[in-house]
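Q: predicted model, plus sequence, below.
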Amino acid sequence: MKAHFSRFLTTVPGRLHFAAHSHHPWPDVTFEAQQEAWLDAARLMDAKWDRIFGEVIPEAQGHIARRLGLPDPTTVTFAPNTHALVIRLLSTLTDPIRILTTDAEFHSFARQARRLEEDGRAVVERVAVEPFAGFPERFAETAARGGYDLVHFSHVLFSSAYVVPDLAALVQAVPDPSTLVVIDGYHGFMAVPTDLSVIAGRAFYTAGGYKYAMAGEGAGFMHCPPGYAARPPDTGWFATFGDLTAAARPGDVPYPADGARFLGGTFDPTGLYRLNAAQRWLDGMSISVSDIHGRVAALQRTFLATDHAGLPRDALVPAAEDVADRGHFLTYQLPGAGAVHRRLLAAGVVTDFRGDRLRLGFGLYHDEADLEELDRRLASPMPAAELEVL
């Protein structure tokens, strides 16, 4: 499998990349896709948008819909990142926005929610995710009280890799039919098998290509259930790309009924070319999300089967006995997480940390030899010159 990631894995000799949950290496097929986007622009210039909207976007929608069990690919829309889509969704709500979320959402949404609170534009209730045992029940009970404009939670928590076990149960706990429900799937898409078919008509779902889809930046997407947030005030001209003459007609600003209602303005489509190339590559190899998840889970079990210098088992979050499944990284709660991260980086091992939590990500490109080398570097004393920079 490593041969398919040769450009990323050999560019920096000796580098061990254990941050697959952050900037995932791209398979080599995405290099040709990058070139294809450039050549299309050179060949077609303005006419490239006809190809993008007529071929590239429909193909990307089809890949995503198939991976997520969505009945209609046209409910999927795109933006340079998911934050832009969430902002567009928030623009459909009236201040003060009543938000239910968790205390473990990714920085982008968490920061935005706090900022809205500062200005009195939102009232935010956050359900603690820890202890993990009982979290789904706590969140569902809170949601069932109703009265929220927006309910937002992650499928896989970025700070721990905890996997919410039953998305449908949380979505169905929301009693108000007008409440917007958003699932942040960034750490779940193409990592944890996900079937949204039961809730496709009720919940929004955001994710993108940056992480486990192996396509990089510029391929944020959102599944938009029909009938919800039909006319976002934050809008761009691409929302009427199929009928530009509509903008000149008198009356209300027109919107399409499908996911295109959330499109913004001009964007760089290169990420969608890479997304399609990576998806075609997986299909050609007959690799499913279940296959990817199984491979990563096996590597995690192998890693956790032995002790590792500086990574005590009792620092694992969630504890191994507390969860039946986890996302594609291991989280260790350590007083010196930052120092361990820098120590590993000096030894050529790429990880990341959030506060006191060190994260080790695993991907398709890893094998047991990588685990052995990681263990060796964990156990190796750091040279004095490198210790001075910590």
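A: Okay, I see it.

Q: which parts of this structure are helices?
A: Secondary structure of the chain (DSSP state H): helices at 6-10, 29-44, 48-51, 57-68, 82-90, 107-118, 135-144, 167-172, 270-284, 289-304, 337-346, 368-379, 384-387.

Q: what average pLDDT does the last one get?
A: It stands for helix 384-387. What helix 384-387 shows for mean pLDDT is 39.

Q: same check on the second one?
A: For helix 29-44, mean pLDDT rounds to 98.

Q: circling back to that earlier point, closest one to residue 227 among the helices of the chain?
A: Comparison of those against residue 227 by C-beta to C-beta identifies helix 82-90 as nearest, at 13.9 Å. Glycine gets a C-beta too; all of them are placed from N, C-alpha and C.

Q: walk me through the domains of this protein.
A: By the assignment in automatic domain parsing, the chain contains the domains 2-28+287-380, 30-281.

Q: can you lay out those domains as TSV showing mean neighbour count?
A: What follows is the domains of the chain, written out as TSV (neighbours: other C-beta atoms under 10 Å):
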stretch	mean neighbour count
domain 2-28+287-380	17
domain 30-281	18
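
Q: what sits opposite the residue nearest to residue 204 when sequence neighbours are not counted in the beta ladder?
A: In space, and not counting its chain neighbours, residue 204 is closest to residue 182: 4.5 Å by C-beta to C-beta, 6 or more residues apart in numbering. Bridge pairing for residue 182 (DSSP bridges) gives the partners residue 152, residue 204.

Q: so how far is residue 347 from residue 182?
A: In this structure, residue 182 and residue 347 are 39 Å apart, going by C-beta to C-beta, to the nearest Å.

Q: what does residue 130 give?
A: Distance from residue 130 to residue 347, counting by C-beta to C-beta: 31 Å.

Q: who's in contact with residue 229?
A: Residue 229 makes contacts with 89, 92, 180, 261-262, as judged by C-beta atoms under 8 Å, 6 or more residues apart in numbering.

Q: for those residues, which one is nearest residue 25?
A: Proximity of the contacts of residue 229 to residue 25, judged by C-beta to C-beta, is greatest for residue 262, which lies at 29.7 Å.

Q: residue contacts, that closest one?
A: Listed by C-beta under 8 Å, 6+ apart, the contact set of residue 262 reads 77, 79, 85, 88-89, 222, 224, 229, 232, 239.

Q: for the closest residue to it other than its chain neighbours, give the beta-bridge partners.
A: Among residues not flanking residue 262 along the chain, residue 77 sits closest, at 4.6 Å (C-beta to C-beta, 6+ apart). Residue 77 has these beta-bridge partners by DSSP bridges: residue 222.

Q: identify all contacting residues around stretch 265-280.
A: Outside stretch 265-280, the residues that touch it by C-beta under 8 Å, 6+ apart are 26-27, 29-30, 32-34, 36-38, 48, 52, 56-57, 59-60, 63, 78-80, 209, 213-219, 236-238.

Q: how about stretch 290-299?
A: Residues contacting stretch 290-299 (C-beta under 8 Å, 6+ apart): 190-193, 212, 325, 328, 362-364, 366-368, 371.

Q: using JSON lines, lay out the residues you listed together with pLDDT and distance to residue 172.
A: Shown next, in JSON lines, are these (pLDDT from 0 to 100; distance: C-beta to C-beta, whole Å):
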{"residue": "190", "pLDDT": "98", "distance to residue 172": "25"}
{"residue": "191", "pLDDT": "98", "distance to residue 172": "24"}
{"residue": "192", "pLDDT": "98", "distance to residue 172": "20"}
{"residue": "193", "pLDDT": "98", "distance to residue 172": "20"}
{"residue": "212", "pLDDT": "98", "distance to residue 172": "26"}
{"residue": "325", "pLDDT": "92", "distance to residue 172": "21"}
{"residue": "328", "pLDDT": "97", "distance to residue 172": "27"}
{"residue": "362", "pLDDT": "97", "distance to residue 172": "32"}
{"residue": "363", "pLDDT": "96", "distance to residue 172": "33"}
{"residue": "364", "pLDDT": "95", "distance to residue 172": "33"}
{"residue": "366", "pLDDT": "97", "distance to residue 172": "37"}
{"residue": "367", "pLDDT": "97", "distance to residue 172": "41"}
{"residue": "368", "pLDDT": "96", "distance to residue 172": "41"}
{"residue": "371", "pLDDT": "97", "distance to residue 172": "40"}
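
Q: this completes my enquiry, with thanks.
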